[in-house]
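Colleague: Let's see this in three dimensions:
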Amino acid sequence: MTKFFEQYKHNVGQSSFYLPSDSLAKDAPEAYPVKPIAFYLPQFHAIPENDEWWGTGFTEWTNVTKALPRYEGHLQPRLPADLGFYDLSDRKTIERQAELVRRSGVYGLCIHDYWFSGRKVLEKPLDILLANPDIDLRFCLNWANENWSRRWDGSEADILLEQRYDPAEQDGYVRSILPAIRDPRYIRIDGRPLILVYRPSLLPDPVATFASWRKFLRDEGEGDPYLAMVNSFDDFDPRPYGLDAAVGFPPHNSGVSERNDRPWLRWLDRNYTGQALPYDYLVRGALKNNPADYRLFPGVCPGWDNDARKPGRGLSFYGADPVKFEGWMEQASRRALEASPSEAFVFINAWNEWAEGAILEPDRHFGFGNLVAIRRVIDRLNGRSDAADGRDRTGKRAGTSPFNFVRNLPAEVKRRVTRRMLSK
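Modeller: Numbers count the residues shown, from 1 in each chain. Next up, the predicted model:
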């Protein structure tokens, strides 16, 4: 039990990678040689559906606050710092987020959008944004077009809100977002509004649907949309769907499903049945996904751990830190520039997936470290000679060794993991 409390105390305290607010630039970068776009979850406000399904007052914070460390080196819980346990039905929260987006060098947010045959849920943050044109925040939308289920995975088991695809509503979704597309802050690529679809394979006839979307938006004077799919569920190539590009979304499609380091770690929870992997392994796997025959915008993530949503059985990548995230961000950015300087976008999973451990927002452990990491990359690409390279506050620099993640683990766990890696 002592080890558990030591790990918990470590997780909710400031690490050697912690950076305060004044470490982040005060203004937006002078230019965006690469345009980082971070996925954004609008789940942090109460809605009648969640009250009914999960209990009155439920938001993602409910899951976040009950998370526990399952093994030594397991960074749970992840608790917010400067923004606190915010409410996304409050305009002031979105204004504060927009300020951090600008200061960090993130170009804009890709908001997950939930539309079910005319029924919208979790729409409040987008409504606030559209109603307040003075909020300086670029955005685009990702249609989260799978079922809502109790398993949080869009499966057919125990469906809470079903995604129906009525042929008569083929243009229904794109019609519903026309006011957003017409907002001058909406992100475009060469003048074309950028629209993402999470799982195009679920549509009965995606080619016909997306052709219809293109015609509708052209008829509405918005031009040919730039349509992209999210790389997930072993679906990689956008071309069979009639889409323009794919978007990296690690850990999805990163080749990490076959390995599990759980038996080699020291458990704090003997009932733990989840999957544990080193963050470095995720980085290497994601960087291998570099097709030459279709457009893929690189994807990165500052970490991943969904044990808060799936207690004791989640997928976690241990050893993530802002220094290593900065190294990954820079590699992805340079790859995007080489592929197409005019379309150099990098997607980040995510701005605020707190229950999945994919967080750019300041937390108690890393502070502003992940936001500073992005800004450092943007400043270096802008030729800023004074832009610091990736170092923690002790002066340690990011490296490329596959053993980097080991340095933050307890001593005995370090020995066990290193022996296993050397034996491979």
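Colleague: the helices in the stretch 301-424 of the chain, which residues?
Modeller: Per DSSP state H, counting those that start in this stretch, the stretch 301-424 of the chain carries helices over the ranges 322-339, 369-381, 411-422.
Colleague: Tell me which of these sits nearest to Arg185.
Modeller: With distances scored as C-beta to C-beta, the stretch of those nearest to Arg185 is helix 369-381 (19.4 Å). Just so you know, the C-beta spots here come from the backbone N, C-alpha and C atoms, and that holds for glycine as well.
Colleague: re the thing from before, looking at the helices of the stretch 301-424 of the chain, which is closest to Tyr281?
Modeller: helix 411-422 (9.8 Å).
Colleague: State the mean pLDDT of that closest one.
Modeller: For helix 411-422, mean pLDDT is 45.
Colleague: what's the spacing between the residue lying closest to Leu277 once chain neighbours are set aside and Pro250?
Modeller: Excluding the flanking residues, the one nearest Leu277 by C-beta to C-beta, 6 or more residues apart in numbering is Phe317, at 5.4 Å. Distance check for Phe317 against Pro250: by C-beta to C-beta, to the nearest Å, it reads 9 Å.
Colleague: Now the common contact residues for these two.
Modeller: In the contact map built from C-beta atoms under 8 Å, 6 or more residues apart in numbering, the residues linked to both Phe317 and Pro250 are 282, 304.
Colleague: What segments of this protein are helices?
Modeller: With DSSP state H as the definition, the chain shows helices at residue ranges 2-12, 48-54, 60-64, 91-104, 124-131, 172-176, 178-181, 206-219, 279-287, 322-339, 369-381, 411-422.
Colleague: quick one, which of the ones you listed is packed in tightest?
Modeller: Each of those was assessed for mean neighbour count using mean count of other C-beta atoms under 10 Å. The highest is helix 369-381, with a mean of 25.
Colleague: Centre of the chain to that helix, how far?
Modeller: Relative to the centre of its chain, helix 369-381 is centred 17 Å away, using C-alpha atoms, centre = their mean, to the nearest Å.
Colleague: so it versus helix 91-104, what angle?
Modeller: Orientation of helix 369-381 against helix 91-104 (axes from the mean of the first three to the mean of the last three C-alpha atoms, to 10 degrees) gives an angle of 40 degrees.
Colleague: by contact count, what packs against helix 369-381?
Modeller: Counting contacts by 3 or more C-beta pairs under 8 Å, 6 or more residues apart in numbering; DSSP states H and E, the secondary-structure elements packed against helix 369-381 are helix 91-104, helix 322-339.
Colleague: Can you give the distance of the longest one from its chain's centre?
Modeller: Put plainly, it is helix 322-339. Computed by C-alpha atoms, centre = their mean, the chain-centroid distance of helix 322-339 equals 15 Å.
Colleague: Can you add mean pLDDT and distance to Gly223 and give the helices and strands packed on helix 369-381 back as CSV?
Modeller: Formatted as CSV, the helices and strands packed on helix 369-381 follow (pLDDT from 0 to 100; distance: least, C-beta to C-beta, whole Å):
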stretch, mean pLDDT, distance to Gly223
helix 91-104, 98, 26
helix 322-339, 97, 23
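Colleague: Which one of those lies nearest to Arg78?
Modeller: The closest of the helices and strands packed on helix 369-381 to Arg78 is helix 322-339. By C-beta to C-beta, the value is 13.4 Å.
Colleague: Dump stretch 92-100 to PDB, keeping only the CA atoms.
Modeller: In PDB, the C-alpha atoms belonging to stretch 92-100 read as follows (Å, rounded to 0.1, in the frame of the first residue of the first chain):
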ATOM      1  CA  LYS A  92     -15.100  32.300 -20.100                       C
ATOM      2  CA  THR A  93     -13.700  28.800 -20.200                       C
ATOM      3  CA  ILE A  94     -13.600  28.700 -24.000                       C
ATOM      4  CA  GLU A  95     -12.000  32.200 -24.000                       C
ATOM      5  CA  ARG A  96      -9.200  30.900 -21.700                       C
ATOM      6  CA  GLN A  97      -8.700  27.800 -23.900                       C
ATOM      7  CA  ALA A  98      -8.500  30.000 -27.000                       C
ATOM      8  CA  GLU A  99      -5.800  32.100 -25.400                       C
ATOM      9  CA  LEU A 100      -3.700  29.000 -24.600                       C
END
